[in-house]
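Q: Sequence plus predicted model, see below.
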Number of protein chains: 2
Amino acid sequence: MKDPIEIRHLRCFLALANTLHFTRAAANLGIAQSALSLQLQRLERAIGYPLVQRTTRGVTLTPAGSLLASRAAGTLRKVEDDLEHVRRIGSGQEGILTVGFSGSVMLTQLPLAIESFRASYPGVELRLRELTTARQLVALRDGALDLAFLRDGDPSPGITLTTLHSERYLAILPERHPLATRRKLRPADLRGESFVLYSRTEGALAFDRTADCLGAPLRIVQEAPQWPTVVRLVGAGIGVSIAPACVAELAMPGVVFRPLQSDARTTVDLAVPAGAINPLVTNFRLKARAHFLARPALPTVRPV
Amino acid sequence: MKDPIEIRHLRCFLALANTLHFTRAAANLGIAQSALSLQLQRLERAIGYPLVQRTTRGVTLTPAGSLLASRAAGTLRKVEDDLEHVRRIGSGQEGILTVGFSGSVMLTQLPLAIESFRASYPGVELRLRELTTARQLVALRDGALDLAFLRDGDPSPGITLTTLHSERYLAILPERHPLATRRKLRPADLRGESFVLYSRTEGALAFDRTADCLGAPLRIVQEAPQWPTVVRLVGAGIGVSIAPACVAELAMPGVVFRPLQSDARTTVDLAVPAGAINPLVTNFRLKARAHFLARPALPTVRPV
DNA sequence: GATCTTTCATCTGTTTATCTTATGAGTTCA
DNA sequence: TGAACTCATAAGATAAACAGATGAAAGATC
């Protein structure tokens, strides 16, 4: 495969095939006529057969040259198209982005961030996966997720974390619970209650923060994997719970939410694989940060 | 369009995408690792986005790189296929060849030459056009014909002629004609007869040679454009005719062919546009010359 | 945890390819 | 015949690609 043919040669040949005139073709290409002449000779030598028949009044294409002209035009167009497509992917305007999120994060600004991203990048296919914090970290490392929104993300090797948002806790009580009459609660008020909580294995830091806020020992009567479930279980009288403030969005009959007077905070953390250069990830991160850091219209605890 | 991308860059990138390893890819390409590294940098700069993510253990493709790898592979394959096709056309193994012939030439070795050419070049589409000598010359200049087999081709500017074959004349007589009883005739024997002949405008030299052979003045009672017609007209008693020896192939009831004792010869000439470089023409010429110059099994005058 | 190995980037000088300018040979046109 | 035009060729200048040596960073090995 010596004497390799380059795109330059095809470009030169096409210019010549279009004008059938060395001098004019060279002018179109912005090179000297002699340079074009040499390029053509090189191309013909590489192919092994003449592509144009030179006359004193210009050139005519041979059958082989005629074919090459049409094929080369297609080749150049294809290369241009491919590069354009590659650039679109490189710029993050196109592609597939798989985003994981902890269930409670969907109760924060995340939907707004998603909508904003979709509007800005209509070419990107967004795949959303609700997973627990622990599973998201695994999925990020696997490559199954490109980016994740964690509830209280544990620092983890190979994962870059950014805290987007922090919020207070609130207590979730059955409507008929004695404490339900109080407008505010302190963690100590809940001492001795039975708790419905997330499993620690699904989010160690989230659990530990909850436990720190309440103060051990905790009597956990039920673990549940999703907040709607927790709220329903509380409504059924199985126990009480505490949750990030945003969970108040999940108002359900028979359940009341009460702010918890504590400095404890739960965070929403954005996680990406360390060193990720996927431009989709970068673009999505920017949108998400803009929406979370602006903190528009934080959901308030609606009295039930 | 500065920083143009060349096929070389795509080759380098593909090698890297296949091995995900600069050193090994460079070895496959037969260049130094540093050269490959530079080519990749150049390609990425031209595209504007990274194509691979370098790590200390090798490289991984970015989404953009992943796309480019698949597209570039297709591009290289296309270029190779195109060049191969162009080479086939350049070598005359493929294409369309339009061949003209005077009707009588089809009674000589031409069918054998055609068959031989078809067998050797199955990729070539052969288009056959029966035309008179005069019309063939026009068609050759127009480009409507690539190559022509003329009966007694007139030298003509812009046309290269090669004589392939020369043959004697024979007389065509009605079966009941007084001269039909003779095994051989001399031109003088035909003096005073009425003749059925080709029109001079359809082949000046052919007509003149015929006239020279017979000696003027000729009494021409009918002109006809094709030999089967001439033979039929003779059979109908309209007159006599003389024809190239090969016309004896057209045996018809009521007609006899008699060798003419004369040194006059009629030729089959191969005509091509001067300076033609079409390889199909070259290849066909070679086959045709081989068949005509070998003169296999010249058609003999069959007694009727 | 210090050393070794692997891997890619960078630097430097050399080779190769391409370009420009100038010139030549062959036609066509006046 | 001379002028105008075509493409080819020659020679020097410029830019690109190359090989080889070195360096930095991150695993791997002990």
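A: Alright, I've got the coordinates.
Q: Please identify the buried residues of the helix or strand harbouring residue A:127?
A: Residue A:127 is part of strand A:124-130, with elements assigned from DSSP states H and E. Within strand A:124-130, the residues scored as buried using 16 or more other Cβ atoms under 10 Å in any protein chain shown are residue A:124. C-beta: built from backbone N, CA, C; applies to glycine.
Q: elements contacting whichever helix or strand comes after it?
A: Of the helices and strands lying after strand A:124-130 in sequence (DSSP H and E), the nearest is helix A:133-142. Packed against helix A:133-142 by the contact rule (3 or more Cβ pairs under 8 Å, 6 or more residues apart in numbering or on different chains; DSSP states H and E) you find strand A:95-101, strand A:147-151, strand A:159-167, helix A:204-214, strand A:266-273.
Q: rerun at 7 Å
A: The helices and strands touching helix A:133-142, judged by 3 or more Cβ pairs under 7 Å, 6 or more residues apart in numbering or on different chains; DSSP states H and E, are strand A:147-151, strand A:266-273.
Q: Just say which of those is most tucked in.
A: strand A:147-151 (a mean of 27; mean count of other Cβ atoms under 10 Å in any protein chain shown).
Q: what about residue A:47, neighbour count?
A: 21 (other Cβ atoms under 10 Å in any protein chain shown).
Q: so who does it touch?
A: Residues in contact with residue A:47 (Cβ atoms under 7 Å, 6 or more residues apart in numbering or on different chains) are B:83, B:86, B:87, B:90.
Q: Return the closest of those residues with respect to DNA strand D.
A: When the contacts of residue A:47 are ranked by distance to DNA strand D (Cβ to the nearest atom of the strand), residue B:90 comes first, at 16.2 Å.
Q: how close does the residue nearest to that closest one when sequence neighbours are not counted get to residue B:122?
A: Of all residues not flanking residue B:90 in the chain, residue A:49 sits nearest, at 2.7 Å (Cβ to Cβ, 6 or more residues apart in numbering or on different chains). Separation of residue A:49 from residue B:122 (Cβ to Cβ, to the nearest Å): 20 Å.
Q: the more surrounded of these two?
A: Between residue A:49 and residue B:122, residue A:49 has the larger neighbour count (other Cβ under 10 Å), namely 20 against 10.
Q: Now the phi/psi pair for that one, please.
A: Per-residue torsions, residue A:49: phi -140, psi 150 (degrees, to the nearest 10).
Q: Touching, it and residue A:64? I think so.
A: Yes - counting by Cβ atoms under 7 Å, residue A:49 touches residue A:64, with 5.3 Å between them.
Q: between the two, what contacts are shared?
A: By Cβ under 7 Å, 6+ apart, residue A:49 and residue A:64 have these common neighbours: residue B:90.
Q: what ranges do the strands span in chain A?
A: Remark: strands assigned in chain A by DSSP state E are A:52-55, A:58-61, A:95-101, A:124-130, A:147-151, A:159-167, A:169-174, A:194-197, A:219-223, A:241-244, A:255-259, A:266-273.
Q: can I get those in CSV with mean pLDDT and distance to DNA strand C?
A: Output for the strands of chain A, formatted as CSV (pLDDT from 0 to 100; distance: least, Cβ to the nearest atom of the strand, whole Å):
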stretch, mean pLDDT, distance to DNA strand C
strand A:52-55, 90, 7
strand A:58-61, 89, 10
strand A:95-101, 94, 23
strand A:124-130, 95, 27
strand A:147-151, 95, 25
strand A:159-167, 91, 22
strand A:169-174, 95, 39
strand A:194-197, 93, 38
strand A:219-223, 90, 38
strand A:241-244, 94, 38
strand A:255-259, 95, 46
strand A:266-273, 93, 19
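Q: Export those strands to TSV and append columns for distance to residue A:233.
A: Below are the strands of chain A laid out as TSV (distance: least, Cβ to Cβ, whole Å):
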stretch	distance to residue A:233
strand A:52-55	83
strand A:58-61	81
strand A:95-101	22
strand A:124-130	19
strand A:147-151	18
strand A:159-167	22
strand A:169-174	9
strand A:194-197	5
strand A:219-223	6
strand A:241-244	8
strand A:255-259	10
strand A:266-273	19
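Q: Let me see the mean pLDDT of the longest helix seen in chain A.
A: Secondary structure assigned by DSSP state H gives helix A:63-90 as the longest helix of chain A. Summarised as a single mean, pLDDT over helix A:63-90 is 94.
Q: Remind me what that helix packs against, helices and strands.
A: helix A:7-19, helix B:33-47, helix B:63-90.
Q: so which of those helices is the most packed in?
A: Stretch with highest mean neighbour count among those: helix A:7-19 (a mean of 21; mean count of other Cβ under 10 Å).
Q: So what angle separates the directions of it and helix B:7-19?
A: With axes from the mean of the first three to the mean of the last three Cα atoms, to 10 degrees as the basis, helix A:7-19 and helix B:7-19 are set at 140 degrees to each other.
Q: Who are the packing partners of helix A:7-19?
A: For helix A:7-19, the packing partners by 3+ Cβ pairs under 7 Å, 6+ apart come out as helix A:22-29, helix A:33-47, helix A:63-90.
Q: now the last one: how far from the chain's centre is it?
A: Chain-centre distance of helix A:63-90: 32 Å, with Cα atoms, centre = their mean, to the nearest Å.
Q: From DNA strand D, how far out is residue A:139?
A: Separation of residue A:139 from DNA strand D (Cβ to the nearest atom of the strand, to the nearest Å): 20 Å.
Q: residues touching that residue, list them.
A: A:100, A:131, A:145.
Q: Return the member of the residues you listed nearest to residue A:230.
A: The nearest member of these to residue A:230, counting by Cβ to Cβ, is residue A:131 at 16.8 Å.
Q: measure the closest one to DNA strand C for me?
A: 33 Å.
Q: Which residue, other than its chain neighbours, is closest to that residue?
A: Nearest to residue A:131 is residue A:100, by Cβ to Cβ, 6+ apart, at 4.9 Å.
Q: before we move on, what about residue A:29?
A: Going by Cβ to Cβ, 6+ apart, residue A:29 has residue A:15 as its nearest residue, at 5.0 Å.
Q: what does residue A:123 give?
A: residue A:94 (4.1 Å).
Q: what does residue A:200 give?
A: Closest residue in space to residue A:200, ignoring its immediate chain neighbours: residue A:207 at 3.9 Å, by Cβ to Cβ, 6+ apart.
Q: pLDDT score assigned to residue A:1?
A: Looking at residue A:1, its pLDDT is 50.
Q: Let me see the contact set for residue A:193.
A: Residues near residue A:193 by Cβ under 7 Å, 6+ apart: A:239, A:240.
Q: Look up how far DNA strand C lies from it.
A: Per Cβ to the nearest atom of the strand, residue A:193 is found 45 Å from DNA strand C.
Q: How about residue A:276?
A: 17 Å.
Q: for residue A:74, same thing?
A: As defined by Cβ to the nearest atom of the strand, residue A:74 lies at a distance of 22 Å from DNA strand C.
Q: any idea how far the closest residue to that residue other than its chain neighbours is from residue A:261?
A: Nearest residue to residue A:74, sequence neighbours excluded (Cβ to Cβ, 6+ apart): residue B:78, at 7.8 Å. Residue B:78 sits 70 Å away from residue A:261, taking Cβ to Cβ as the criterion.
Q: Can you pull up the residues of chain A that come close to DNA strand C?
A: Counting by Cβ under 7 Å from any atom of the strand, chain A comes close to DNA strand C at A:6, A:8, A:30-35, A:38-39, A:42, A:56-57.
Q: among these, which are in reach of DNA strand D?
A: For DNA strand D, the contacts drawn from the residues of chain A next to DNA strand C by Cβ under 7 Å from any atom of the strand are A:33, A:34, A:38, A:56, A:57.
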